[in-house]
Every structure is written in structure tokens, then in C-alpha cells.
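>>> Kindly generate the corresponding structure for this input.
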Amino acid sequence: PAPAPATSRPVSMSFLNDHGEAGPIAKPARVPPPAEAVVVPSTGEPLVNLWIPAAFPHTHNDESYYVYQVYVSIRGQEWSIFRRYSQFRDLHKQVRQLFPNATLSFPKKSLLGKQDTKFIDARRLQLENYMRSVISLCLSHARSPLVMQPSKETLCKTLPFLMPRRAAPAAPPPPSQTEPPRFGGL
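Down below sits the predicted model:
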């Protein structure tokens with residue numbers, strides 16, 4: 001029998017992870033969203049709900065780790081993605097480069113307790129708060145395409161990390177040396 005996820009929420013259904021392997025998934029309809037959506041700072045309008053309802057143990061090429069389910073809802077469009085802690089850490093490095101003055105709390109890497117369910121659940125909540133902060137940061141810019149055209153497509157263009165994946169994404173072309181930096185692309 002497969003180990004239970006590091007959460008008390010029910011598990012059913014299955015998913016294909018980024019490696020094309022099947023695994024369990026928390027049923028989105030049973031997962032309660034956070035009390036408040038991430039809002040547009042200028043208007044206070046609720047826009048994005050994002051939460052991490054579960055973490056699942058996974059093994060790939062004899063390496064064991066947890067995969068976090070990230071559930072996203074924007075303007076009636078809902079989807080789940082699955083990411084490892086290392087992918088969140090890579091996102092954090094990109095966010096720090098684009099927004100060097102932003103103060104975001106990111107959970108530290110730990111070699112001890114990585115398989116402990118209490119540790120995983122605490123990290124799950126920290127990652128959820130971190131992701132909500134990243135979305136708030138993206139919404140705080142007046143020229144944010146996410147504020148002007150709120151949709152799944154715009155959110156995934158702004159934060160490709162949130163894009164559902166079936167295969168490895170193609171590498172984007174290098175930016176032009178004369179082209180000014182544009183918002184998004186985390």
C-alpha cells in the first residue's frame with residue numbers, strides 16, 4: 001500500500017506527474033480554500049485563490065522526496081499542479097532576481113526531518129504562504145497584465161511555475177540585449 005499524504009484531507013483520483021508517472025491526488029472539490037483570496041491591492045478585489053492541500057511521498061530513480069499539490073483558482077478557472085521543494089526553491093531564486101527589494105519568507109532547506117509528516121505539513125503551509133505572497137507581489141505592480149486581464153492564461157504567463165505540465169517545457173529564447181525587461185516570466 002502507498003503511504004498516506006502528509007495531510008488529513010481525503011485522497012482519491014490519480015494524476016500524472018512531470019515524469020508521466022501516476023500517483024494519488026487530493027480531490028479538489030473536497031479541499032477548502034484559504035479564508036481569503038489574494039486581492040488586487042489597488043481595488044481590494046479578490047482575484048486568485050491558491051493553496052497547497054497535500055504533499056505526497058514520491059520515488060523517482062531511487063530518490064525519495066515529497067511532491068506538493070498546488071491548487072489554483074482564478075475567475076472560475078481551477079487546476080492543480082505538482083511541484084517538488086527544489087522547484088519552489090528555483091522559483092524563489094528567480095523572484096529574488098526580479099524583485100531584489102521584496103521581503104518574502106521562504107522555508108529553509110533541511111536535511112533533517114525531510115520525511116517527517118509534521119515537518120512536511122509545516123513546510124506545505126510555509127510554501128502556501130510564500131506562493132500567495134509571490135502572487136500578491138505580482139498584483140502590486142500597476143502595469144501587471146494579471147490585473148488588467150485576470151485569467152488562467154495570464155497567470156501562467158506571469159508565473160509559468162503555475163502552468164500545468166505534461167512534458168518538459170521548451171527553453172525560452174534569450175531576451176534581446178536592446179529589449180527592456182518586461183513584467184512576468186517567473
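>>> how much space is there between residue 146 and residue 47?
Using CB to CB, to the nearest Å, we find residue 146 at a distance of 8 Å from residue 47. All C-beta atoms are positioned from the backbone trio N, CA, C, and that covers glycine.
>>> Between those two, which is the more surrounded one?
residue 146 (23 against 19; other CB atoms under 10 Å).
>>> who's in contact with that one?
By CB atoms under 8 Å, 6 or more residues apart in numbering, the contact set of residue 146 is 47, 138-139, 154-155, 158, 184.
>>> So which of the residues you listed are in strands?
Judged by DSSP state E, strands contain the following of the contacts of residue 146: residue 47.
>>> Hmm, which of the contacts of residue 146 is lowest in pLDDT?
Minimum pLDDT for these is recorded at residue 184 (51).
>>> Among the contacts of residue 146, which one lies nearest to residue 65?
Minimum distance to residue 65 across the contacts of residue 146 is 26.0 Å, recorded for residue 155 (CB to CB).
>>> still on that earlier bit, give the intersection of the neighbour lists for residue 146 and residue 47.
Common neighbours of residue 146 and residue 47 (CB under 8 Å, 6+ apart) are residue 139.
>>> looking at this, residue 110 is in a helix?
No: Residue 110 is assigned coil when assessed by DSSP: H, G, I helix; E, B strand; the rest coil, not a helix.
>>> For it, grab phi and psi.
Main-chain dihedrals, residue 110, degrees, to the nearest 10: phi -140, psi 140.
>>> I'd say it and residue 120 touch.
No: at 10.5 Å, residue 110 does not count as touching residue 120 under the criterion of CB atoms under 8 Å.
>>> Looking at these two, which one has more neighbours?
Each of residue 110 and residue 120 has its neighbours counted (other CB under 10 Å); residue 120 has more, 21 against 11.
>>> Quick check: the gap between the more buried one and residue 66.
Using CB to CB, residue 120 is found at 5 Å from residue 66.
>>> same deal with residue 47?
29 Å.
>>> and the residue nearest to residue 136 when sequence neighbours are not counted, what does it touch?
In space, and not counting its chain neighbours, residue 136 is closest to residue 38: 5.4 Å by CB to CB, 6 or more residues apart in numbering. Counting by CB under 8 Å, 6+ apart, residue 38 makes contact with 46-50, 132, 135-136, 139.
>>> got those residues as CSV, with distance to residue 87 columns?
Below are these laid out as CSV (distance: CB to CB, whole Å):
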residue, distance to residue 87
46, 27
47, 24
48, 19
49, 21
50, 15
132, 17
135, 16
136, 20
139, 22
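>>> Thank you kindly, that will do.
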